[in-house]
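Novice: predicted model, plus sequence, below.
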Amino acid sequence: MPIGTRDPEHLPLLVDGAEENLRPSKGFLTRRSYRVEVVSAARECRYLLVPDSLGTSRLLRDGRLLGVFTSSGDGRVSADWEAEGASERARDPYDASVGYGLAAAFGTGAEPMWQLTLNAALNLWP
């Protein structure tokens, strides 16, 4: 992982001067176990960056897909944003800051469960 830790005590997140509650999961045998959650008191919402393929992760705000992020591992991040619906809260720079920051810090994507399980089993083999 590019940032080097998943310990939330060592991971402050400041967005537009507001400190947000960052909750990365432990990351083990499933793609979803590599998700990173941000509970935003400033915006009264919850963001979730969750891997959905080997190289990409989805950014959701309160369960609604905002976009799909790809990180090359060298700090470069790209995003494919979802079209906005008329009845939904519009995306804004705050959303983009959270998405790009999480993707750059934690990377995007994860291996499929079968491969993660096989790797864990092989690590136990003497």
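Specialist: It's in. Numbers count the residues shown, from 1 in each chain.

Novice: how about the spatially most central residue of the chain, what does it touch?
Specialist: Most central in the chain under C-alpha atoms, centre = their mean is Leu49, positioned 2.7 Å from the mean C-alpha point. Contacts for Leu49 were tallied using C-beta atoms under 8 Å, 6 or more residues apart in numbering; they are Arg35, Val36, Ser57, Arg58, Leu59, Phe69, Gly99, Leu102, Ala103, Phe106, Thr108. In short, each C-beta sits where N, CA and C put it, glycine included.

Novice: got CSV for these, with distance to Asn123 too?
Specialist: Shown next, in CSV, are those (distance: C-beta to C-beta, whole Å):
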residue, distance to Asn123
Arg35, 22
Val36, 24
Ser57, 24
Arg58, 28
Leu59, 30
Phe69, 28
Gly99, 32
Leu102, 27
Ala103, 27
Phe106, 22
Thr108, 23
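
Novice: quick one on the thing from earlier: in three-state terms, label the residue nearest to the centre of the chain for me.
Specialist: strand (DSSP: H, G, I helix; E, B strand; the rest coil).
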